[in-house]
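Engineer: The following block contains a protein sequence and its predicted model.
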Amino acid sequence: MNLSRVNRWTHRWGSIVILIPTAVIIASGLILQLKKESAWIQPATKAGSATGVSLPFERILAVVKEVPEAQVSTWEDIDRLDIRPGKGMLKIRCKNRWEIQVDANTGRVLQVAYRRSDLIESIHDGSFFHDSVKLWIFFPSALILMVLWVTGAYLFALPYIARWKRSRRKKLANG
């Protein structure tokens, strides 16, 4: 069996094996490319009244508790706190995927919006389905995709290499 035939076989069957995971990765990746352009995917970042942060943690929790969409009663309901001192604001990401942006100095709520980018990222890396799907389907798909890239580059270069060898042989034969 020659290398060209093995490469074609690997390329054909490898692409079939990774068809669905790769389609999920590509589609979610395309959506993620637009996350800063679309407030539907990720809410735009607002600016606070002044730079810096002077709001104590107790006040942050109290402000977020007042937002009904957040469904926050304790710090356990909050997934992440993103502090932006340069913009004078805080992003509070709740476990239910709602994001509350708060002025870091006055405590005024700047924006309340549903954040889809984290969900789309979990779909993109496979963890949305299950951690074992991420490890045993998406990771091997990435490895197979790498092999397909190498075999595809080889198959692309093969005719050029053959032509180069032929012309080299002709030049040597003609002296």
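Structural biologist: Received the coordinates, thanks. Because the structure is a prediction, the values reported are computed rather than measured. Residues are numbered from 1 along each chain as shown.
Engineer: Against residue 113, how distant is the residue nearest the centre of the chain?
Structural biologist: Geometric centre of the chain, nearest residue: residue 121, 4.5 Å, by CA atoms, centre = their mean. Remark: distance between residue 121 and residue 113 (CB to CB, to the nearest Å) = 17 Å. Every C-beta, even on glycine, is put in place using the N, C-alpha and C of the backbone.
Engineer: do the same with residue 157
Structural biologist: As for residue 157, its distance to residue 113 is 49 Å (criterion: CB to CB).
Engineer: Comparing the two, which residue is more hemmed in?
Structural biologist: Higher neighbour count among residue 157 and residue 113: residue 113, with 17 against 11, using other CB atoms under 10 Å.
Engineer: what secondary structure does that one sit in?
Structural biologist: strand (DSSP: H, G, I helix; E, B strand; the rest coil).
Engineer: Residue 14 now?
Structural biologist: The local conformation at residue 14, judged by three-state DSSP, is helix.
Engineer: Quick one: residues contacting it.
Structural biologist: Contact analysis of residue 14 by CB atoms under 8 Å, 6 or more residues apart in numbering lists 144-145, 147-148, 151.
Engineer: quick check: mean pLDDT across stretch 104-113?
Structural biologist: The predicted model gives stretch 104-113 an average pLDDT of 96.
Engineer: Please enumerate the strands of this structure.
Structural biologist: 78-84, 89-94, 98-103, 109-114 (DSSP state E).
Engineer: Kindly spell out which helices and strands sit in contact with the second one.
Structural biologist: The elements that strand 89-94 packs onto, with contact taken as 3 or more CB pairs under 8 Å, 6 or more residues apart in numbering; DSSP states H and E, are helix 57-65, strand 78-84, strand 98-103.
Engineer: So which of these is nearest residue 166?
Structural biologist: Closest of the helices and strands packed on strand 89-94 to residue 166 is strand 78-84, at 60.6 Å (criterion: CB to CB).
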